[in-house]
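Colleague: Here is the input, now give the coordinates:
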Amino acid sequence: MVRTLLKKICVTSPRLDPNMANGANVDRDQAQTGRGTDQEADLNKWLPVTASRKAKWWYSAFHNVTAMVGAGILGLPFAISQLGWIPGIVSILGSWLITFYSLWQLVELHEAVPGKRFDRYHELGQHAFGEKLGYWIVVPQQACVQAATTIVYSVTGGKSLKKFFDLLIPSANGVRQTYFILIFSCLQLVISQTPNFNSLKGISLLAAVMSLCYALVAFVASTIRGSHNDHHLITYGVRSHSTGGQIFDALNALGTVAFAFAAHSVALEIQATIPSSPQKPSKKPMWRGCLWAYIIVAFCYLSVSISGFWAFGNAVDDDILVSLEKPRLLIAIANLMVFFHVLGSYQVFAMPLFDLLESFLVLKLHFTPGRALRLIGRSTYVALAGFIAMCVPFFGGLLGFFGGLVFTSTSFFLPCIIWLIIRKPKTWSFHWVASWVSIILGVMIAVFAPIGGLRQIIVSAKTYKIFS
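Modeller: Numbers count the residues shown, from 1 in each chain. A predicted model of the protein is given here:
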């Protein structure tokens, strides 16, 4: 009945043939190759990822900054407190190097076949593994990454907005965090109606600027706090005193670090918005933007993680801005910056998910593309993500659990596996060795890190009341 009602609502929108192809070998850029059908071109002109191909290289830079320098950076000092100084910093640097390399692989593979563009992660997977197997290998993992990110960002947005009001209006301390998550989700209902990825450029740019600003505030405030501390009274060892606790904490920390490098799940979709031709392939401006983004990420991650742990030791909170309370006005503004950042970052991750959802509704369930379908489909998803965030608002545990469970696959080892299949590098060559090292480390994190994150959620849940 719901399906029938939805189809009736959508019938006023322009009709398109639902039987349009949707495979890895479909040409997504008809202007470039001239082989796509009119029907395929019509659908791609409506879907959010391929509706506009006018992006510049700097769009790639701030989209990637927005996607990476998000909630994950706030938990890095906490991750170091679980691992210790040297293991913590090594894990961040190692993850930066591995994901820098795997991101380069994705950018290079976007146009691995002359005349074709793999605009979506699953299209590249279908080319590597086969149409059916590739779809089912990539889509569940990518969808989980993007869904998990929107849930965590809903928690982050609500938590940061609550902290903002708590600092400026102490009498508001009694207001439940649930209400702030609800406010965040209501704003997302409006922003989610942005038609396509390129339409997000203003929102994404603002989010990127906000991320740099609150990272700078966290770094400066932590440095000032640390310079006034009596460091003889601060413990810099790992948080847990038991062997079992240390193991679980270390696993959770690895997942938290992995969460901080999640942009790969939207990399190909970002590159799809950049124009391409045989003379000027999209990989050049895309990689230029990625280089700038990763330089910014390295500065932000290391500065915040080191200064935050130095200031608070193993007493640091799973969100560094929660530990920082003075100067009150500055920290309040920083929390508001986080709120505005995740408003935009949420959409960078949600847009490919909306693309997948709307493709499914049109191609498989035969709904008619249009504003009504976009309104109902996207609003339903935002409401569901917000509800889950209100039920399970455990920031630190969610970072570790989701970071290990699905983020390592799309960022650490899946690009390397695809590279080995498509490019077939010589045994013991640089790319062969680098890919296998990334695969082995990524699989280990994917297997063990969710255990630590799940334990963190269970520990937090002991003192939690639903919708509190």
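
Colleague: And residue 81, how far from residue 405?
Modeller: 22 Å (C-beta to C-beta, to the nearest Å). The C-beta positions use only the backbone N, C-alpha and C, and glycine is treated the same way.

Colleague: what do you get for residue 229?
Modeller: Residue 229 is 36 Å from residue 405, by C-beta to C-beta.

Colleague: These two: who's more crowded?
Modeller: Of the pair residue 229 and residue 405, residue 405 is the one with more neighbours under other C-beta atoms under 10 Å, namely 24 against 14.

Colleague: what's the closest non-adjacent residue to that one?
Modeller: Leaving aside its sequence neighbours, residue 405 sits nearest to residue 450 (C-beta to C-beta, 6 or more residues apart in numbering; 4.3 Å).

Colleague: And for that neighbour, the neighbour number?
Modeller: Neighbours of residue 450 (other C-beta under 10 Å): 22.

Colleague: With residue 330 instead?
Modeller: Around residue 330 there are 15 other residues, counting by other C-beta under 10 Å.

Colleague: I figured it hits residue 222, correct?
Modeller: No - contact criterion C-beta atoms under 8 Å: residue 330 and residue 222 do not qualify, at 11.8 Å.

Colleague: does residue 368 count as helix, strand or coil?
Modeller: coil (DSSP: H, G, I helix; E, B strand; the rest coil).

Colleague: could you measure it against residue 133, distance?
Modeller: Taking C-beta to C-beta as the measure, residue 368 falls 31 Å from residue 133.

Colleague: chain center to stretch 185-202, what's the gap?
Modeller: 16 Å (C-alpha atoms, centre = their mean, to the nearest Å).

Colleague: for it, what is the average pLDDT?
Modeller: For stretch 185-202, mean pLDDT is 92.

Colleague: and what of stretch 247-266?
Modeller: On average, the pLDDT along stretch 247-266 is 86.

Colleague: From the chain's centroid, how far away is it?
Modeller: Mean C-alpha position of stretch 247-266 versus that of the full chain (C-alpha atoms, centre = their mean) differs by 11 Å.

Colleague: What residues sit buried inside it?
Modeller: When neighbours are counted by 16 or more other C-beta atoms under 10 Å, the buried residues of stretch 247-266 are found to be 248-266.

Colleague: Narrow those residues to those in helices?
Modeller: 248, 249, 250, 251, 252, 253, 254, 255, 256, 257, 258, 259 (DSSP state H).

Colleague: Could you single out the nearest of those residues to residue 52?
Modeller: The shortest approach to residue 52 among these belongs to residue 259, at 29.2 Å (C-beta to C-beta).

Colleague: Quick check: residue 289 vs residue 363, distance?
Modeller: Residue 289 is 31 Å from residue 363, by C-beta to C-beta.

Colleague: And for residue 376?
Modeller: 17 Å.

Colleague: Strands of the chain, start to end?
Modeller: Counting by DSSP state E, the chain has no strands to list.

Colleague: pLDDT-wise, which helix or strand of it ranks last?
Modeller: Least confident helix or strand of the chain, by mean pLDDT, DSSP states H and E, is helix 30-33 with a mean of 42.

Colleague: Check the spacing between residue 442 and residue 414 real quick.
Modeller: Distance, residue 442 to residue 414, using C-beta to C-beta: 8 Å.
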